[in-house]
Every structure is written in C-alpha cells, then in structure tokens.
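Participant: model the structure of this input:
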Amino acid sequence: MNPYIGHDSQLYGIEEHRLVGGKGDGMRLYEINNGKGMMLTVSPDRNGDITRLRYKGINLSYHGKRMI
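Facilitator: Below you'll find the model as predicted:
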C-alpha cells in the first residue's frame, strides 16, 4: 500500500446520498469512482438510471434544459 494514501476511498469507492425535499425526496443516489478516471452517479430508485457520467473530468452525460 502507498504510504501517502490514508484510505482507499481517496482512490476509488462508492458513496450513498439521499435527496431531501422536492419531488425526489428520499431518493437514493450512488456516486461511484472506479479509480481509473471514470466517475458516475447512479439512481437505483429510477431503475439504475445513470444521471451523471464523467471520464477524467470530461462530462459524457446529457444535460437537457431544466424547467423552473
């Protein structure tokens, strides 16, 4: 193990988040970092929808207009 790394989550891992308020209240999101430059956000409560996808900081996902 690299002595400069305090925890594996600095390199790769999964974080679970829950939305609070609005239409998505209580919805789960998983932020996944594979350690090779790909990061994605998955919504298991929306059939595994990939809401964000980035590779080495470059956005690969579609962001449409938002209704206010």
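
Participant: hmm, residue 34 is touching residue 14, no?
Facilitator: No - contact between residue 34 and residue 14 fails when scored by Cβ atoms under 8 Å: they sit 9.7 Å apart. In short, each C-beta sits where N, CA and C put it, glycine included.

Participant: nearest residue to residue 56 other than its sequence neighbours?
Facilitator: Spatial nearest neighbour of residue 56, excluding adjacent residues (Cβ to Cβ, 6 or more residues apart in numbering): residue 37 at 4.1 Å.

Participant: and the one you found, how many neighbours?
Facilitator: The number of residues packed near residue 37 is 11, by other Cβ atoms under 10 Å.

Participant: look at it and report its pLDDT.
Facilitator: With respect to pLDDT, residue 37 scores 93.

Participant: shouldn't it be in contact with residue 60?
Facilitator: No - using Cβ under 8 Å, residue 37 is not in contact with residue 60; the gap is 11.3 Å.

Participant: list phi and psi for the residue nearest to residue 56.
Facilitator: In terms of degrees, to the nearest 10, the main-chain angles of residue 37 are phi 110, psi -10.

Participant: run through who's touching stretch 30-44.
Facilitator: 11-17, 27-29, 48-56 (Cβ atoms under 8 Å, 6 or more residues apart in numbering).

Participant: I'd like to know which of these are part of strands.
Facilitator: Here DSSP state E is the test, and those give 13-17, 28-29, 49-55 as lying in strands.

Participant: just the buried residues from those, in PyMOL please.
Facilitator: Entered in PyMOL, the line below selects the buried ones among those, by 16 or more other Cβ atoms under 10 Å:
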select buried, resi 29+52+53
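
Participant: pick out the most distant pair among the ones in strands among the contacts of stretch 30-44.
Facilitator: Largest separation among the ones in strands among the contacts of stretch 30-44 by Cβ to Cβ: 28 and 55, giving 23.4 Å.
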